[in-house]
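Q: dropping the sequence and predicted coords here.
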Amino acid sequence: MKILVTNDDGIEADGIAVLEEIARSISDDVWVVAPDAEHSGAGHSLSLHTPLRLKQKGPRHFAVAGTPTDSVLMAMLEVLPEKPDLLLSGINRGVNVAEDVTYSGTIAAAMEGTLLEVPSIALSMQWKPGEEMLWDTPRHFAPDIIRQLVKIGWPRGNLMNVNFPHSTPKEVGMIKICPQGRRKIGEKLEKRQDPKGRDYFWIGGPSDVPYDDLPGADYMQILKGNITITPLSMDLTNYRVLEDVREHFEAE
């Protein structure tokens with residue numbers, strides 16, 4: 001099995017090193033192609049107005065001066081001799097749950113793999129500021145989760161989103177297959193001044209209060225110390241609303 005490993009935290013991030021280690025426990029044909037710098041929050045963006053530059057960092061290791069989406073395109077169309085059998089994106093420092101998935105470069109890389117018809121899995125881990133990342137948890141659980149997902153498979157046009165709680169392997173609760181939750185990110189602006197008295201702003205982090213009408217969703221399960229697996233679809237159509245609107249506009 002040929003595995004492509006990528007991320008949005010940059011090729012030097014601790015999380016991608018852990019993910020490569022996990023990938024190598026599954027296959028001996030692993031390629032790493034990732035951004036040369038952090039692109040958290042880049043979403044599914046392409047560099048359309050600047051050239052992409054590729055630098056080989058070692059055997060089957062390449063850094064791209066571009067976004068996570070750019071990195072996947074470069075991997076598929078330029079670096080790898082043929083398409084991989086599996087794309088793994090992460091392991092992101094910080095969960096990608098609820099509305100995070102629309103901003104996340106980690107998810108975006110898996111989206112691009114999905115669009116290129118490669119089975120893709122995004123992996124992220126809860127991060128608590130000031131505390132050490134507990135990488136042993138994905139080391140322990142991720143290989144088996146990945147193997148099981150590959151074994152059962154999933155339909156084209158979909159990707160798998162896996163999140164690990166900030167817990168040691170022994171503290172982890174259960175593996176929950178759950179829907180995407182709802183929680184707003186970036187709902188705060190912090191105003192500051194530079195040394196010359198000019199205003200600037202930092203976008204704040206996500207709200208700590210999820211929507212409580214979705215108790216089984218990914219964000220709530222992470223708070224309970226569970227691992228979450230959420231299938232995500234590239235088709236964003238709301239078919240129920242589509243029929244309501246169609247009935248209105250196409251009524252005779």
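A: Received the coordinates, thanks.

Q: contacts and neighbour counts: CA atoms only from here.
A: OK.

Q: ok, then the element right after the biggest helix by length in the chain?
A: Longest helix in the chain by number of residues (criterion: DSSP state H): helix 136-152. Next helix or strand after helix 136-152 toward the C-terminus (DSSP states H and E): strand 158-164.

Q: tell me what that next one is packed against?
A: helix 105-115, strand 120-125, strand 227-233 (3 or more CA pairs under 8 Å, 6 or more residues apart in numbering; DSSP states H and E).

Q: got the angle for the first one vs strand 227-233?
A: I take that to be helix 105-115. Using axes from the mean of the first three to the mean of the last three CA atoms, to 10 degrees, the direction of helix 105-115 lies 50 degrees away from that of strand 227-233.

Q: how far does helix 105-115 sit from the chain's center?
A: 7 Å (CA atoms, centre = their mean, to the nearest Å).

Q: which outside residues touch the longest helix of the chain?
A: V18, I22, A23, S25, I26, M125, F164, S167, T168, P169 (CA atoms under 8 Å, 6 or more residues apart in numbering).

Q: show me what contacts the fourth one?
A: With contact taken as CA under 8 Å, 6+ apart, S25 is in contact with P143.

Q: tell me the two of the contacts of helix 136-152 that are most distant?
A: I26 and S167 (23.6 Å; CA to CA).

Q: beta partners for L88?
A: V5, I121 (DSSP bridges).

Q: tell me the pLDDT of it.
A: Per-residue confidence for L88 comes out at a pLDDT of 98.

Q: what of the one 3 residues further on?
A: Confidence at I91, expressed as pLDDT, is 98.

Q: tilt between the helix or strand where it lies and helix 136-152?
A: Using DSSP H and E, I91 maps to strand 86-93. Calculated by the same axes, to 10 degrees, strand 86-93 forms an angle of 160 degrees with helix 136-152.
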